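>>> Attaching a predicted model along with its sequence, questions to come.
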Amino acid sequence: MNVLLCSINTLKGLYDISGVEVGQHLYWKIGGFQVHAQVLITSWVVIAILLGSSIIAVRNPQTIPTDGQNFFEYVLEFIRDVSRTQIGEEYGPWVPFIGTMFLFIFVSNWSGALLPWKIIQLPHGELAAPTNDINTTVALALLTSVAYFYAGLTKKGLGYFGKYIQPTPILLPINILEDFTKPLSLSFRLFGNILADELVVVVLVSLVPLVVPIPVMFLGLFTSGIQALIFATLAAAYIGESMEGHH
Amino acid sequence: MANMIMASSKPLSPPSLSSTTPSTSTSTSRPRITLLQVSLPKIPKISKTRLVSLSSSALKSLPLAAAAAASLALAPPSLAEEIEKAALFDFNLTLPIIMAEFLFLMVALDKVYFTPLGNFMDGRDAAIKEKLSGVKDTSEEVKQLEEQAAAVMRAARAEISAALNKMKKETQVEVEQKLAEGRKKVDAELQEALAVLEKQKEETIKSLDSQIAALSQDIVNKVLPL
């Protein structure tokens, strides 16, 4: 009897520790609407990290850059390069958007992999990367959609909508469909990758707690960086596409 | 499965096993509308303890069958379902809040990072380019200086060659003068010597003339025997 009970309890304990908590959230209520508190908390941390580090590194720029400033200059050069290659010569005003997109997603993803969120116990759900939540990715994807519509409309006025019948009017439905598939693919790619990555790590840890998950964790770091780059590059590509002239 | 995931934007009331006491669910606290209420649902703990007590009581009464049932009931999937249905695609106010946070972050990063550092880097690039073009200007100066130096060298060379020529001419004249002097001297000596020789020749001829008569008398005397 006791042995069986014990084994059941240990099983349950293991299950609780391994903590495969998919789609469980800590709910707060703001004005009658529910929000996912764990996403907000981690996103605040990410924003604090980004703002704090950039303030510290850039507050007193030197002509010959020191370590922190050098790193931030490298990042800025990288973002500018991505923007320029995708958008073209008029990339200047879009650097903050693309850069913030890249940095926010990148730091979010890596925070999910590197920061020991699990130390902080929540009454329900658990802290993880903000990009682990569909709300975040859809928000970013919708902002990208708004951004490329804004870019096209400010550049070409209402003539922007001429692109829907561009090669031939037959492609009108497909062109309209593209406006829906773009944010959909953007958000689901990011969401799926990050969620799957964290799930793989959690499952592997629950199965083999030592050594074996380490390569997967490094793979996760790699994937996280790549996903951030892909999201930013695609956002820049969409913006550039809507701004480029039609021949 | 998809239906289960998509459908629930709210925690469900616990099914099957714990349906006897549904009071612990968060759904009871939902209707209240407060500005910011941090709900701390304690489902897992309570349900776990209840489950344990339930299973232990069941184990006491019906040994084998109950144990199997309990282990089945405690198996992970049913437990997860019991805690809460997974709400993967659970859209709510988080989405616009994240949007606002992102826009705020964009503006703040632009103010703090992108614009100041970008301007700083552009300014530095411009300064470096200016310095480089300045270096190009000095290279022109260097060229001018080099030309000047070449001119000075040419002038000096011309001067030196002129001086050399002059000296050559002077020495040549001198040498020729000396040569001419020497020649004159030699000529004079030659003339003198020639004159002396001529004189001696005449003297000897004269002396020979005076002896010719005697010698011819001698010869005649010897040849013609008288």
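Everything's here; your move.

>>> can you pull out the strands in chain A?
With strands called from DSSP state E, chain A shows them at A:27-30, A:33-36.

>>> okay, those in a markdown table with distance to residue B:200 next?
All C-beta spots, glycine's among them, are computed from the backbone N, C-alpha and C. A markdown table is the format used below for the strands of chain A (distance: least, C-beta to C-beta, whole Å):
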| stretch | distance to residue B:200 |
| --- | --- |
| strand A:27-30 | 156 |
| strand A:33-36 | 152 |
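
>>> If I look at residue 165, what pLDDT would I see?
Picked chain A for this. Residue A:165 is assigned 83 on the pLDDT scale.

>>> Correction: the question concerned chain B.
For residue B:165, pLDDT reads 95.

>>> nearest residue to residue A:55 other than its sequence neighbours?
residue B:112 (5.4 Å; C-beta to C-beta, 6 or more residues apart in numbering or on different chains).

>>> got the contact list for the one you found?
Contact analysis of residue B:112 by C-beta atoms under 8 Å, 6 or more residues apart in numbering or on different chains lists A:51, A:54-55, A:58.

>>> From the contact counts, what lies against the strand or helix carrying residue B:185?
Using DSSP states H and E, residue B:185 maps to helix B:115-223. Helix B:115-223 sits against helix A:67-87, with contacts defined as 3 or more C-beta pairs under 8 Å, 6 or more residues apart in numbering or on different chains; DSSP states H and E.

>>> Now do the helix it packs on against helix B:115-223, angle only.
Helix A:67-87 and helix B:115-223 are oriented at 90 degrees to each other (axes from the mean of the first three to the mean of the last three C-alpha atoms, to 10 degrees).

>>> in helix A:67-87, what's buried?
Using 16 or more other C-beta atoms under 10 Å in any protein chain shown as the test for burial, helix A:67-87 gives A:69, A:72-73, A:75-76, A:79-80, A:82-84, A:86-87.

>>> for that helix, packing partners?
Other elements packing on helix A:67-87 under the criterion 3+ C-beta pairs under 8 Å, 6+ apart are helix A:37-58, helix A:95-114, helix A:213-243, helix B:115-223.

>>> how big is the angle separating the last one from helix A:95-114?
In other words, helix B:115-223. 100 degrees.

>>> rewinding a little: what angle do the helix holding residue B:185 and helix A:37-58 make?
40 degrees.

>>> what's the distance between residue A:170 and residue A:164?
11 Å (C-beta to C-beta, to the nearest Å).

>>> Run a quick neighbour tally on residue 122.
Just going to use chain A. A total of 17 residues lie near residue A:122 under the criterion other C-beta atoms under 10 Å in any protein chain shown.

>>> wrong one, I was asking about chain B
10.

>>> go on, residue B:93?
A count of neighbours around residue B:93, defined by other C-beta under 10 Å, yields 18.

>>> rewinding a little: rebuild the strands of chain A as a markdown table, extending it with distance to chain B.
Putting the strands of chain A into a markdown table (distance: least, C-beta to the nearest C-beta, whole Å) gives the following:
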| stretch | distance to chain B |
| --- | --- |
| strand A:27-30 | 5 |
| strand A:33-36 | 4 |
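
>>> Rebuild the ones you listed as TSV, extending it with mean neighbour count.
As requested, the strands of chain A are exported to TSV (neighbours: other C-beta atoms under 10 Å in any protein chain shown):
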stretch	mean neighbour count
strand A:27-30	20
strand A:33-36	22
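
>>> Reformat the ones you listed into TSV and put mean pLDDT next to each item.
Shown next, in TSV, are the strands of chain A (pLDDT from 0 to 100):
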stretch	mean pLDDT
strand A:27-30	80
strand A:33-36	83
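
>>> picking up where we left off before, which one's more surrounded, residue A:170 and residue A:164?
residue A:164 (15 against 9).

>>> how much space between that one and residue A:156?
To residue A:156, residue A:164 is 13 Å away according to C-beta to C-beta.

>>> in chain A, which helix has the most residues?
For chain A, the helix that runs over the most residues, judged by DSSP state H, is helix A:172-207.

>>> what comes up buried for that helix?
So for helix A:172-207, counting by 16+ other C-beta under 10 Å, buried means A:175, A:182-183, A:186-187, A:189-191, A:193-195, A:197-198, A:200-202, A:204-205.
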